[in-house]
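**Q** coordinates only, sequence not included:
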Ligand code: SF4
């Protein structure tokens, strides 16, 4: 066996050993091993009880453990048998081949800076302006955008063509008072004719499905806790969340001009008219920060704090800046994507006043999900911020809608060109209402190793992470931070996560049930993708 193949075999054996283990069977209340035994002895009875995903997981594991994973390709690259210039030239042929594959995929996804897409969006914008009787000056006024945030089905029906399922989801959301918000600007980014093409991920981002609304309203009606991240248990005082030694989150506002369906704070995000937080609570939170000298960094987020006016933001940053031990103020905002006109002169003056290299840093952490969200308006707002020597970072949530082969690489490329540094890629949380968005952990790991790895280093600066409720991020690339411990009959893996401080404290590990790889591949297949492109996914753990 080739050493590389042996390595895959060792990994598969390690996974098999954790799965066929009494301790894990007890914790998971399931036994893949027992199920295999029954399948062998009573196939008629047990085959209907397992999904193809379960069988494939086991099949690939056993093949891998026996050195039959089927990769890597059996002949070594030719340049390894050559030397000097001959080797270099041969390697160039190989690398050119890799580069052409990347470029081919990039062409599929498009970017909001492309002429054709800009023109199409211009037509939607004209229609929206006519509908709201607005002018070009109105369009570029962030207050006008916020005033005209779309919260009902009616304008959407008039302005773009909606599918039956989209209408049903939006109608139910309206009836059940599950808020959805779309700025006129963000609506203009949608493909007006269909859910396909450049508007796919944009519609998915803001149109709640019927199932989502049902689950959320059921949870609300029955008082079910939706605080998946256990924020209540990490909040020492109202408006503050603290999970790490030196940084905490300050939430002065609980609404966003655009609500992301998969938001992990969906239980806390309110409609724009209900988003205000009592000023006394924010003041108490700032006083709490002032009294804790260990805190060196504050992430001001929410909701989207840049929905607030300059006066409020100015006073807030002023107060935080005066706290001697605060070295950095991050502003977590999606406004660059939803209402880029918000970056006005007044806001830039506030940034300039408080950002002093060598003393105190202001920085922006934004949330771009897809290259089609990168538009001339976004680039212009980033340019203005960067001219104040302020850095802009991106936190992407890795969802079904940006998980295709090289799709996130394309995002990284356009982010970097636009002056934004990729910072984190978040694995989607395990909440049932957001099942449509979830992607198996194996896919994010595959993306990192087989796609991101091919990019220039400065483009792939983001770290894929999984956010453990109450405890915070663990890095998905590290074997020592997580392991699969069971495969369930529906083909989903149960992972155990070891939190960031688990070598320092006796914190509890966190067990997480992932979405089945087989289901994910079937969905890609139904969407017209070639699942052979993802064939090594079974060997990422
Ligand atoms: S912008 Fe951020 S806080 Fe607001 S809904 Fe989206 S993910 Fe949630």
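**A** Great, that's in hand. Because the structure is predicted, anything quoted here is derived from the model rather than measured.
**Q** what does the stretch 151-300 of the chain have sitting close to the ligand?
**A** 256, 259-260, 263, 265, 269 (C-beta under 6 Å from any ligand atom). In short, each C-beta sits where N, CA and C put it, glycine included.
**Q** how many other residues sit next to the closest residue to residue 60 other than its chain neighbours?
**A** Leaving aside its chain neighbours, residue 60 sits nearest to residue 538 (3.9 Å; criterion: C-beta to C-beta, 6 or more residues apart in numbering). Look at residue 538: counted by other C-beta atoms under 10 Å, it has 22 neighbours.
**Q** cool, residue 361 as well?
**A** Using other C-beta under 10 Å: residue 361 sits among 18 other residues.
**Q** quick one: it from residue 391, how far?
**A** 8 Å (C-beta to C-beta, to the nearest Å).
**Q** I'd like the residues of the stretch 151-300 of the chain next to the ligand laid out as a markdown table, including neighbour count.
**A** Compiled in a markdown table, these are given as follows (neighbours: other C-beta atoms under 10 Å):
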| residue | neighbour count |
| --- | --- |
| 256 | 29 |
| 259 | 27 |
| 260 | 24 |
| 263 | 17 |
| 265 | 19 |
| 269 | 20 |
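**Q** where does residue 425 land in three-state SS?
**A** Secondary structure, DSSP: H, G, I helix; E, B strand; the rest coil: residue 425 is strand.
**Q** Can you verify my assumption that it contacts residue 408?
**A** Yes: counting by C-beta atoms under 8 Å, residue 425 touches residue 408, with 6.8 Å between them.
**Q** and for those two, which residues touch both?
**A** Common contact partners of residue 425 and residue 408 (C-beta atoms under 8 Å, 6 or more residues apart in numbering): 396, 398.
**Q** the more surrounded of these two?
**A** Shown here are residue 425 and residue 408; by other C-beta under 10 Å, residue 408 has more neighbours (27 against 24).
**Q** For the closest residue to the ligand within the stretch 51-200 of the chain, give me phi and psi.
**A** Nearest residue of the stretch 51-200 of the chain to the ligand: residue 181, at 8.2 Å (C-beta to the nearest ligand atom). Per-residue torsions, residue 181: phi -130, psi 130 (degrees, to the nearest 10).
**Q** Enumerate every residue touching residue 254.
**A** Residue 254 makes contact with 268-270, 274-277, 302-303 under the criterion C-beta under 8 Å, 6+ apart.
**Q** now residue 414
**A** Counting by C-beta under 8 Å, 6+ apart, the residues that residue 414 touches are 111, 113, 371, 374.
**Q** May I ask which helix or strand encompasses it?
**A** Here residue 414, judged by DSSP states H and E, is contained in helix 407-417.
**Q** Report the buried residues of that helix.
**A** Residues 407-416 are the ones in helix 407-417 that count as buried (16 or more other C-beta atoms under 10 Å).
**Q** Same check on stretch 498-516?
**A** Quick answer for stretch 498-516 (16+ other C-beta under 10 Å): 498-500, 502, 509-510, 512, 514-516.
**Q** now do stretch 88-101
**A** By 16+ other C-beta under 10 Å, the buried positions in stretch 88-101 come out as residue 90.
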